[in-house]
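Engineer: Got a predicted model here, sequence first, then my questions.
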Amino acid sequence: MTAPDSTVLLVDDDADLRRILQFTLAAEGYEVATAADGDEAVTLAGELLPDVMVLDVMMPGRDGYAVLEQLRANPATQAIRVLMLSAKATDDDVWAGWRAGADCYLTKPFDIGEILDFVADS
Amino acid sequence: MTTDGAPKRPHDSSSNASTAWIVGGGERGPFGRVTAAVVPAAVVLLVGLAVIGARHLARARADARRFRRLYEATSRVGRLGDLDVVLASLATEAAQLAAGTGAVCCTVDGRGAWWGMRVDGSANRRLDETAVSWLAGQGRSIALPADDLPAAVRVGLGADGALLVSALVATDGVPVVLAVTRARRQHRDEAAALEVLDAFAATCSLVLANARLFDEVHDALRTQIDLNRQKAEFVAAVSHELRTPLAVVLGAIQATRRLGERVPVDAREELLGTAEGGGHRLRRLIEDLLLVASNEHKARQNFVDAVDAVGVLDAVARECASVGGPRCHVIALGPLPPLVTDVDKLRRIVTNLVENAGKYAPGSTVELDAVVEGGELAITVADHGPGIEPADRQRVFEPFVQLDQSSTRCQGGTGLGLHLCRTMADVIGGRLELADRPDGGAGAHFALYLPISVPAEPAAVVLGGHS
């Protein structure tokens, strides 16, 4: 169980979505940081070493898969629990997410309860 | 007969044993006389008949040979392939049929231009312009010595001794001209060879008509497959694009309900405002998608009327000012040549372009102009913003492409604006281009080119778009 003061890193290029998730997670007691693109995500992950990352797939520059690859390649960030969140919703996309090393793959629109459950279970 | 009964010797006493019996008719009876007169005639007749018969037989055999060769040639050229391969094989057969050293087969392409292939030995090559036009101008079947040809045509055809030309210019079929080159003139044979070539030319016409039909069907099928693939891609892209604003709406509402009283009032307001914003994004996206779908619908209707281009630009500038959009400056002054088009679509295109300029070049004045350029009316929308890189200039017109995602998302961009503009431009018979500013400064310069025409009747409903 993640203690309520654990850190969650939110990565999504959509500002509205970042705001909603940040708000909800903060209200549940988690420490929340956000990143708007893949490069920022990798940098912040290295610095903050969050417990959980909610990661969008389609972003300008480095996409979600590339970010995940980086995280898994770095021993420091290897163990971060990653939930992939994406508008890409075909079966192939979901399989790609699992294969890339995601711990969970949710498609948009999502059920916010599922995200909270994942974070709580981490 | 003398009175003493002795046979009178003839004056012509050649004493030829064979003629003695014939001329010594006095010693024979009446039957012998008749026989002697008829037999030589019969022999001459028989010999004559034999000679004539032999000649006829030889000719019949030659005809039979030619027909067989024609038949074989016809059955060999049934295969379809690239048109230049088909022409080359037709020329090869023609050369064999007319016992030539080389041959040429010419026909007309889809746009009505003559072209041809030449074969000699093993080399196939495209016939040059001069030779093609000369052949195309013949219009009849003829045999002539190579010396009678213009020098350039001689070289082009590779004609040395003689040239046989067979021209089939059927009004309801594919025109064909066959030309066979020979080492020297063979007068006896020429008429027959031309006859065979004429017959073969009819076959060539059919074969080429088939080959062209095959090509057209193949192209149409490829276009259809391509269009289907594009549609499938578009549907997938649409589905993807709709998901994110939907996630915003549902996510915000879910968060509000879940957190309930734990959320302070102002925060709740903000969340609900975000939900509403997401809803509006969805609405705009759906509207734009419907526009794209209706533009791609086959029966695209244009309500065509005489349009005052400057008037349209002024109206757009005024509307923009009234909704707090970017500042517009209309450079164009009348009078301009009359424009006949769908005024609503034109206005929408210009408005979209101005809104785009507002998003990507905030603070810049947007310049609207209309000038005559090369027989067309160019309506331009230009700004002084950062402009668009040459590498991206085609991409921006594709659906859902947003070069600067973060800023456009904030302002509710759908990534469909420019795609819509281009589709609408296409529907009204114009084209939308993106270029550098003519003064070399930074900024985007969109130009909509429309044909200038004289209005025929007012307010006609015309099926629009390019076929």
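Structural biologist: Here it is on my side, so go on. Numbering: from 1, shown residues only, chains lettered A, B, ... in the order given.
Engineer: give the contact list for residue B:154.
Structural biologist: With contacts taken as CB atoms under 8 Å, 6 or more residues apart in numbering or on different chains, residue B:154 has the following neighbours: residue B:146. Every C-beta, even on glycine, is put in place using the N, C-alpha and C of the backbone.
Engineer: roughly how far apart are it and residue B:94?
Structural biologist: Residue B:154 sits 19 Å away from residue B:94 when distances are taken as CB to CB, to the nearest Å.
Engineer: Ok, residue A:68 next?
Structural biologist: For residue A:68, the distance to residue B:94 under the criterion CB to CB works out to 68 Å.
Engineer: Which one's more surrounded, the two?
Structural biologist: More crowded of residue A:68 and residue B:94, by other CB atoms under 10 Å in any protein chain shown: residue B:94, with 28 against 23.
Engineer: Run a quick check on that one versus residue B:178, I expect a contact.
Structural biologist: Yes: between residue B:94 and residue B:178 there is a contact under CB atoms under 8 Å: 4.7 Å.
Engineer: which residues do the two both contact?
Structural biologist: Common neighbours of residue B:94 and residue B:178 are listed as B:103, B:105, B:166, B:197, B:200, B:204 (criterion: CB under 8 Å, 6+ apart).
Engineer: Now tabulate those in a markdown table and tack on pLDDT.
Structural biologist: Converted to a markdown table, the shared contacts of residue B:94 and residue B:178 look like this (pLDDT from 0 to 100):
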| residue | pLDDT |
| --- | --- |
| B:103 | 92 |
| B:105 | 92 |
| B:166 | 86 |
| B:197 | 90 |
| B:200 | 91 |
| B:204 | 89 |
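Engineer: Out of the residues you listed, name the ones that lie in strands.
Structural biologist: Of the positions in the shared contacts of residue B:94 and residue B:178, B:103, B:105, B:166 sit in strands, assigned by DSSP state E.
Engineer: if I look at the first one, how far off is residue B:67?
Structural biologist: When you say that, I think you mean residue B:103. If you measure residue B:103 against residue B:67 using CB to CB, the figure is 19 Å.
Engineer: ok, the two, which is more surrounded?
Structural biologist: Set side by side, residue B:103 and residue B:67 give different neighbour counts by other CB under 10 Å, the larger being at residue B:103 (28 against 12).
Engineer: and the more buried one, what is it in contact with?
Structural biologist: Under the criterion of CB under 8 Å, 6+ apart, the contact list for residue B:103 reads B:91-92, B:94-95, B:118-120, B:178-181.
Engineer: Distance check, residue B:402 against residue B:343.
Structural biologist: If you go by CB to CB, the gap between residue B:402 and residue B:343 works out to 29 Å.
Engineer: Identify, by residue count, the longest helix of chain A.
Structural biologist: When every helix of chain A is counted residue by residue (DSSP state H), the longest turns out to be helix A:15-27.
Engineer: right, is it up against chain B?
Structural biologist: Yes: applying CB under 8 Å from any CB of the partner chain, one finds helix A:15-27 in contact with chain B at A:15-17, A:19-21, A:23-24, A:27.
Engineer: For PyMOL, what selects the buried ones among these?
Structural biologist: Restricted to the buried members of the residues of helix A:15-27 next to chain B, where burial is judged by 16 or more other CB atoms under 10 Å in any protein chain shown, the PyMOL selection command reads as follows:
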select buried, chain A and resi 16+17+19+20+21+23+24+27
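Engineer: Pipe the residues of helix A:15-27 next to chain B into TSV and attach pLDDT per row.
Structural biologist: As requested, these are exported to TSV (pLDDT from 0 to 100):
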residue	pLDDT
A:15	88
A:16	89
A:17	92
A:19	92
A:20	93
A:21	94
A:23	91
A:24	92
A:27	89
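Engineer: thinking again about what came up before, from the contacts of residue B:103, which has minimum pLDDT?
Structural biologist: Checking pLDDT across the contacts of residue B:103, the minimum falls on residue B:120 at 87.
Engineer: Could you find the closest non-adjacent residue to it?
Structural biologist: Taking CB to CB, 6 or more residues apart in numbering or on different chains, and ignoring the residues beside it in sequence, residue B:120 has residue B:102 as its nearest neighbour in space, at 3.0 Å.
Engineer: Now for that neighbour: which residues touch it?
Structural biologist: With contact taken as CB under 8 Å, 6+ apart, residue B:102 is in contact with B:95, B:118-121, B:157-158, B:180-181.
Engineer: now, which of the residues you listed lie within strands?
Structural biologist: Mapping the contacts of residue B:102 onto strands (DSSP E) picks out B:118-120, B:180-181.
Engineer: Separate out the buried members of these.
Structural biologist: Burial of these was assessed by neighbour count (16+ other CB under 10 Å); the buried members are B:118-120, B:180-181.
Engineer: Sketch out the low-pLDDT regions of chain A for me.
Structural biologist: Across chain A, the ranges flagged by pLDDT under 70 are A:1-5.
Engineer: for chain B, same thing?
Structural biologist: B:1-28, B:78-80, B:122, B:170-171, B:295-300, B:403-414, B:453-467.
Engineer: Flag every residue of it that's near chain A.
Structural biologist: Listed as neighbours of chain A in chain B under the rule CB under 8 Å from any CB: B:236, B:239-241, B:243-244, B:246-252, B:254-255, B:258-259, B:262-263, B:267, B:270-271, B:274, B:277-278, B:405-406, B:409-410.
Engineer: hmm, 6 Å instead?
Structural biologist: With CB under 6 Å from any CB of the partner chain as the criterion, chain B comes near chain A at residues B:240, B:243-244, B:246-248, B:250-252, B:254-255, B:259, B:262, B:274, B:405.
Engineer: what ranges do the strands span in the chain?
Structural biologist: By default, I'm working from chain A. Counting by DSSP E, the strands of chain A are A:7-11, A:31-35, A:52-56, A:81-86, A:104-107.
Engineer: oops, chain B please
Structural biologist: Taking DSSP E to define them, one finds strands in chain B at B:102-108, B:114-120, B:123-126, B:142-145, B:162-168, B:176-182, B:301-307, B:328-330, B:339-342, B:366-373, B:376-382, B:431-435, B:445-451, B:460-463.
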